[in-house]
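J.: prediction below, plus the sequence it came from.
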Amino acid sequence: MALLASASAVPFALVALTVFRVPAWACLLCFTSYNERLRVCQTFAGVEGPELEKCEEAFSAAFKGLLDTEINYDERSHLHDAFTQMTHSLQEMATAQGSFEVAFPDAAEKMRNVIIQLKEVKACIPPCGLQEVARRFRCRGCYSTVCDFPLDCPVQDLTVSRGDQAMFSCTVNFQLPKEEITYSWKFAGGGLRTQDLSYFREMPRAQGYLARIRPVQPTHGGTFSCVITHDQRPLARLYFFLNVTGPPPRGETELQITFREVLHWAPREAEMIEPWRPSLGELLARPEALTPSNQCLLAAIAALASASVTLLAWMFFRWYYSGN
């Protein structure tokens, strides 16, 4: 039993040793295996003996400068390939009777240059959202991480006069994935300003990142929430508090209000918000509307319309004078 206990303790000790030595090796441990590193040192210093231990220590010391390295998460495979190529080069140098005391610092410096040339880590943009585009890989611990921001964005306040239009734009200031993005809307009525999801109800009619209410009524006062989802994973939750102001319209009598309530004229909460269907004027007013291709298309339409009017005028005058 004692032998069994001591034997089972050996793997545990090796694991513990590996864990405690991670800070010393950093990126080298993340992108090379133990067998690859051992083969390099065995080629330089032999299968066993004090020289092999000295080689392992020199290998560790050469790469201590890469301890706190962070890289763009998408560049992991590129860096892994670079480390694989580095171990092959070191084995070739060892076979050629080179010195590991010279080879290891030179290899570490080359890896620093490779890391410098990788795609930069994108900055985290506050204040909220799961920003996958800014995900980074940390060599200290060999793990990836994203920006430490909450999913819930701060509430945006919107004050609209009764009878006017309210528009909500469910957009964030960080880059979203290009595909499989969906938007869902919810509403917490009664003039409530909240981020507590238990107060919200689904609004199935609202779709897309732009939605509006028209005309705005006092019953629309409250908090609207939009959830941005990528492949069924929430990326951000936006909140809009709508404050409706202004007196009732002129001529609004008690009889009219009662009559409208009987006819169910007032929109229900689940149906009051509608997708934004912009007019041509609203589309042209947007800064991204007048692209070179759109300008060419508008010019072609204008030319075609002008030619059609000219042709109709010519046919009319020909018919008119031929009759005379």
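T.: Structure received. Residues are numbered from 1 along each chain as shown.
J.: put the alpha carbons of stretch 37-49 into CSV.
T.: Listed next in CSV are the C-alpha coordinates belonging to stretch 37-49 (Å, rounded to 0.1, in the frame of the first residue of the first chain):
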residue,chain,number,x,y,z
ARG,A,37,11.2,20.9,-25.1
LEU,A,38,12.8,17.7,-23.6
ARG,A,39,13.9,16.5,-27.1
VAL,A,40,15.5,19.8,-27.7
CYS,A,41,17.5,19.7,-24.5
GLN,A,42,18.4,16.0,-24.9
THR,A,43,19.8,16.8,-28.4
PHE,A,44,21.9,19.6,-26.9
ALA,A,45,23.0,18.0,-23.6
GLY,A,46,22.4,14.3,-23.7
VAL,A,47,19.7,12.0,-22.4
GLU,A,48,20.4,12.6,-18.7
GLY,A,49,22.9,14.3,-16.3
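J.: next one: that stretch to chain centre, how far?
T.: 45 Å (CA atoms, centre = their mean, to the nearest Å).
J.: burial check on residue 158, number of neighbours?
T.: If you count neighbours by other CB atoms under 10 Å, residue 158 ends up with 15. Every C-beta, even on glycine, is put in place using the N, C-alpha and C of the backbone.
J.: pretty sure it contacts residue 240?
T.: Yes. Between residue 158 and residue 240 there is a contact at 5.7 Å, judged by CB atoms under 8 Å.
J.: what's the burial count for residue 95?
T.: That count, for residue 95 with other CB under 10 Å as the rule, works out to 10.
J.: can you check residue 300 too?
T.: 10.
J.: distance of it from residue 306?
T.: To residue 306, residue 300 is 11 Å away according to CB to CB, to the nearest Å.
J.: kindly report the same for residue 150.
T.: Taken as CB to CB, the span from residue 150 to residue 306 is 56 Å.
J.: same deal with residue 65?
T.: Distance from residue 65 to residue 306, by CB to CB: 70 Å.
J.: quick one: the helices in the protein?
T.: 2-25, 27-31, 34-45, 50-62, 76-95, 100-116, 254-262, 280-285, 292-323 (DSSP state H).
J.: can you list phi and psi of residue 172 for me?
T.: Note on residue 172: its backbone torsions stand at phi -120, psi 160 [degrees, to the nearest 10].
J.: and it, what pLDDT?
T.: pLDDT recorded at residue 172 is 96.
J.: settle this for me: it is touching residue 227, isn't it.
T.: No. In this structure, residue 172 is not within contact of residue 227 by CB under 8 Å, at 11.6 Å.
J.: what do these two both touch?
T.: 236, 238 (CB atoms under 8 Å, 6 or more residues apart in numbering).
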